[in-house]
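>>> Return atomic coordinates for the entry below.
(2 chains)
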Amino acid sequence: GAVVSQHPSRVICKSGTSVKIECRSLDFQATTMFWYRQFPKQSLMLMATSNEGSKATYEQGVEKDKFLINHASLTLSTLTVTSAHPEDSSFYICSARGLLPETQYFGPGTRLLVL
Amino acid sequence: RKEVEQDPGPFNVPEGATVAFNCTYSNSASQSFFWYRQDCRKEPKLLMSVYSSGNEDGRFTAQLNRASQYISLLIRDSKLSDSATYLCVVNARREDSNYQLIWGAGTKLIIKP
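Here you go, the predicted structure:
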């Protein structure tokens, strides 16, 4: 099946710093990528939909100035958590839409811990 | 009310037992339904799609009842490796007419030897 990578897999940072997470589709072109966040024992929550070459669409309650998304190519989308705070600590997962609209291939996730 | 609701769990069952997961969804316009499996600290992985006629894949059987807006997953002869969180996922139509995957909170399954 299709492969999606994420980097880094784990990051620990100080409060106030910015963290960039990369999501790459390795063997297919993804015009649409999704960014999710998952807190412990909770379901995945969609943060934003990233479309190649255009602005991301953010879900209600997600600050676009805090979570910067760039989808510069058909194989790469980045999420930057700006001025991270401890409450931003979470499991961030990206997914890329495959050929079938309903098919999403997930990256392995990035665990962020803000101290 | 949550858009996708699942049994809160966890389910603790002995190896070899049959396990049933239940899921209900609120959006009657939902078109596609899935069961995902998520291991601890890992990303979700598609287990199987759910079709109206019901479908089976080895020890796993999924069923959909559109009238009741209910989805089920049955695992027979459970193995230790089946221990994971099982997520019910619905492809629902949004207000802007685009479709979005809506995730249930998941039900944790613990298989005991």
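>>> Low-confidence regions, chain B specifically.
Applying pLDDT under 70 to chain B flags the ranges B:1, B:96-97.
>>> In it, which strand is the longest?
strand B:84-93 (DSSP state E).
>>> need the next SSE after that strand, C-terminal direction.
Following strand B:84-93 in sequence order, the next helix or strand is strand B:99-103 (DSSP states H and E).
>>> distance between that next one and the chain's centre?
13 Å (Cα atoms, centre = their mean, to the nearest Å).
>>> other SSEs contacting it?
strand A:45-51, strand B:32-38, strand B:84-93 (3 or more Cβ pairs under 8 Å, 6 or more residues apart in numbering or on different chains; DSSP states H and E). C-betas here are computed from N, CA, C, even on glycine.
>>> Tell me the buried residues in it?
Within strand B:99-103, the residues that count as buried by 16 or more other Cβ atoms under 10 Å in any protein chain shown are B:Y99, B:Q100, B:L101, B:I102, B:W103.
>>> Name the helix or strand of chain A that has the lowest mean pLDDT.
The helix or strand of chain A with the lowest confidence, counting by mean pLDDT, DSSP states H and E, is strand A:104-106 at a mean of 85.
>>> For that strand, which outside residues touch it?
Contact with strand A:104-106 is made by A:1-4, A:25, A:34, A:93-98, B:43-45, B:101, as judged by Cβ atoms under 8 Å, 6 or more residues apart in numbering or on different chains.
>>> Okay, now the sheet partners of it, with direction.
With DSSP bridges as the test, strand A:104-106 is paired with strand A:90-97 (antiparallel).
>>> next one: the strand it pairs with to chain centre, how far?
Put simply, strand A:90-97 sits 5 Å off its chain's centre (Cα atoms, centre = their mean).
>>> do stretch B:21-29 as well
Here the centre of stretch B:21-29 is set off from its chain's centre by 10 Å, with Cα atoms, centre = their mean.
>>> What is the end-to-end distance of that stretch?
Distance between the boundary residues of stretch B:21-29 (Cα to Cα, to the nearest Å) amounts to 22 Å.
>>> any idea how far B:A105 is from A:T103?
Noted for A:T103: a distance of 22 Å to B:A105, by Cβ to Cβ, to the nearest Å.
>>> With neighbour numbers in mind, choose between the two.
Taking other Cβ atoms under 10 Å in any protein chain shown, A:T103 and B:A105 do not tie; B:A105 has more neighbours (19 against 16).
>>> Pull out the buried positions in stretch A:76-85.
By neighbour count on 16+ other Cβ under 10 Å, the buried set for stretch A:76-85 is A:L76, A:S77, A:T78, A:L79, A:V81, A:A84.
>>> Put the alpha carbons of it into PDB.
Taking Å, rounded to 0.1, in the frame of the first residue of the first chain, the C-alpha atoms of stretch A:76-85 are listed here in PDB:
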ATOM      1  CA  LEU A  76       5.200  17.300   1.100                       C
ATOM      2  CA  SER A  77       3.100  19.100   3.600                       C
ATOM      3  CA  THR A  78       4.400  20.800   6.800                       C
ATOM      4  CA  LEU A  79       2.800  21.800  10.000                       C
ATOM      5  CA  THR A  80       4.500  24.300  12.200                       C
ATOM      6  CA  VAL A  81       3.400  24.700  15.700                       C
ATOM      7  CA  THR A  82       4.400  28.300  16.600                       C
ATOM      8  CA  SER A  83       5.100  29.500  20.100                       C
ATOM      9  CA  ALA A  84       4.300  26.000  21.500                       C
ATOM     10  CA  HIS A  85       2.800  25.700  24.900                       C
END
